[in-house]
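Asker: turn this into a structure:
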Amino acid sequence: MSTDTTPTAPRWTRYVALGDSLTEGMVDPDPTDPDRFRGWADLLAETLSRRRVEAGLGPLEYANLAVRGRLLGEILTEQLPAARDLGPELVSLIGGGNDILRPGADVARLLAELEDAVAGLRAEGVDVLMGTGFDPAGSPLVSLTRPKVAVYNAGLWSIAHRHGAHMLDAWGMRSLRDWRMWAEDRIHLSTAGHERVAQAALVGLGLTPDDAAWDDPLVPLPPVARADRWRGNVQWARTHVYPWVQRRLRRRSSGDRRRAKYPSPVPLEPR
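Answerer: Residues are numbered from 1 along each chain as shown. Prediction:
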């Protein structure tokens, strides 16, 4: 069976991204604005727009409504109605990770709510890009959520199959098993991680990636002594875990009072 490796001109004219910190772009600094993050969704939109222009079509219009810290229910009640008003042809809808990090997360309820949203968008003729959760194996504390993330991912694939949605398979990415793909907090992606996920998004949409080696593992890092690894974990807990726990105890979020970075669709001219 042969595979066509020629980049395909994307058919979508307007793309709206919904979600939490992952889709907002933490922690990938925007080279054009030091007060803003870029991230995989911005990179995906730029690639889709460039390919459209190269094929003689108009640039893609892009909006990003994602806000860090948002729970799935907030994404569906706050961002989804706003996205519908923008008349998108493609929506990326990725969330639930913040819910699963909290004790007592009801995975079945999350999946039911998400399926209603996906079914509604598909009934309106909107293409939907969903995304699995990352595999947290090897991450201190976060690895405790691995069984729930796995169940959630299985449900996501079922939803995608039932409603003809696209899937960004983050769980299956070998490259993300390398800590160089992650920021210091071990929860958000680094710039390199976002670049890899943007390529996975192209693959999920059925398009050819720009980089054929997008999921190749990196040259292995030298082994770290157990004592150094323990000290690193302690420092990570003090710097990142403790503030996160304190926000949860105060019922606060890192996204409180924050707004979407691109609330209205803007044409993306190739750089």
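Asker: is Tyr62 bridged to anything, and to what?
Answerer: Residues in a beta bridge with Tyr62, per DSSP bridges, are Tyr15, Val266.
Asker: also Leu189?
Answerer: With DSSP bridges applied, Leu189 shows beta-bridge pairing to Trp182.
Asker: shift numbering so it begins at 53
Answerer: New numbering, starting at 53: the last item is Leu241.
Asker: please look at it and Ala93 and confirm they touch.
Answerer: No: contact criterion CB atoms under 8 Å: Leu241 and Ala93 do not qualify, at 11.6 Å. Every residue, glycine included, has its C-beta placed from N, CA and C.
Asker: of the two, who's got more company?
Answerer: Ala93 (28 against 24; other CB atoms under 10 Å).
Asker: which non-adjacent residue is nearest the more buried one?
Answerer: Nearest non-adjacent residue to Ala93, counting by CB to CB, 6 or more residues apart in numbering: Ala69, 4.0 Å away.
Asker: check which element follows the host helix or strand of the one you found along the chain.
Answerer: Assessed by DSSP states H and E, Ala69 sits inside strand 66-71. Using DSSP H and E, the helix or strand that follows strand 66-71 towards the C-terminus is helix 73-76.
Asker: what's that next one packed up against?
Answerer: Identification of packing neighbours for helix 73-76 by 3 or more CB pairs under 8 Å, 6 or more residues apart in numbering; DSSP states H and E yields helix 92-106, strand 142-146.
Asker: do you know which of these lies nearest Asp268?
Answerer: Ranking the helices and strands packed on helix 73-76 by proximity to Asp268 (CB to CB) places helix 92-106 first, at 17.6 Å.
Asker: which ones are touching Phe186?
Answerer: By CB atoms under 8 Å, 6 or more residues apart in numbering, Phe186 lies in contact with Val201, Ala222, Trp223, Met225, Leu228.
Asker: between those residues, which is closest to Thr260?
Answerer: Nearest to Thr260 out of the contacts of Phe186 is Met225 (CB to CB; 17.2 Å).
Asker: around the closest one, how many other residues sit close by?
Answerer: 21.
Asker: returning to what we had before: tabulate the helices and strands packed on helix 73-76 (JSON lines), appending distance to Ala115 and mean pLDDT.
Answerer: Formatted as JSON lines, the helices and strands packed on helix 73-76 follow (distance: least, CB to CB, whole Å; pLDDT from 0 to 100):
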{"stretch": "helix 92-106", "distance to Ala115": "9", "mean pLDDT": "97"}
{"stretch": "strand 142-146", "distance to Ala115": "10", "mean pLDDT": "98"}
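Asker: cool, thanks, talk later.
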